[in-house]
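Novice: coordinates only, sequence not included:
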């Protein structure tokens, strides 16, 4: 089975949303994980905006890239510049994709303003993933 690792800084929003989206796009046909270079906790607002698409990431936890050391992945995708710079080397014939999305952890403003940015980032990630896997849409 194809294995994918998506890496962000805190593994709190962008990488978590990407993991949930990719699982939804390719349910049962892919093994997907997410991790952070400096893991924190899953952002509750990210959970909310994913539920709007019928994708439940409430059971996800923030993980360190160290948990995946020694494993081989087909794709390693970074979702921000700082993760790209701190990304460890993975063995095998890994394909690296380097994407950069706005950091929801750096947001200020009202809950609705922060959710609006998270929705925009979620949708940008979804489009990148659709392009990667050939235009599929999430189940739900």
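Specialist: Done, it's in. Source: prediction; values computed, not measured.

Novice: Please make it C-alpha for all contacts and neighbour counts, starting now.
Specialist: Fine.

Novice: for the longest helix seen in the chain, packing partners?
Specialist: The helix that spans the most residues within the chain, counting by DSSP state H, is helix 111-133. Secondary-structure packing of helix 111-133 (3 or more CA pairs under 8 Å, 6 or more residues apart in numbering; DSSP states H and E): helix 14-25, helix 44-51.

Novice: Which one of these lies nearest to residue 8?
Specialist: Residue 8 lies closest to helix 14-25 among the helices and strands packed on helix 111-133, at 5.3 Å (CA to CA).

Novice: Need the residues that contact the closest one.
Specialist: By CA atoms under 8 Å, 6 or more residues apart in numbering, the residues outside helix 14-25 that reach it are 6-8, 30-36, 42, 46, 50, 55-57, 60, 78-79, 101, 103-104, 121-122, 125-126, 129, 136-139.

Novice: What's the separation between the most centrally placed residue in the chain and residue 126?
Specialist: Among the residues of the chain, the smallest C-alpha distance to the mean C-alpha position (CA atoms, centre = their mean) belongs to residue 15, namely 2.1 Å. With the distance defined as CA to CA, to the nearest Å, residue 15 ends up 11 Å from residue 126.

Novice: The residue located most distally from the centre of the chain: what's it in contact with?
Specialist: What lies farthest from the middle of the chain is residue 110; by CA atoms, centre = their mean that is 23.6 Å. Under the criterion of CA under 8 Å, 6+ apart, residue 110 has no neighbours.

Novice: Number of residues surrounding residue 21?
Specialist: Neighbour count of residue 21, defined by other CA atoms under 10 Å: 27.

Novice: my bad, residue 3
Specialist: Neighbouring residues of residue 3 were enumerated by other CA under 10 Å; the total is 16.

Novice: Which SSE is immediately downstream of the helix or strand bottoming out on mean pLDDT in the chain?
Specialist: Comparing helices and strands within the chain by mean pLDDT, DSSP states H and E singles out helix 81-86 as the least confident, with a mean of 62. Downstream of helix 81-86, the next assigned helix or strand under DSSP states H and E is strand 95-98.

Novice: List the buried residues in that following strand.
Specialist: When neighbours are counted by 16 or more other CA atoms under 10 Å, the buried residues of strand 95-98 are found to be 96, 98.
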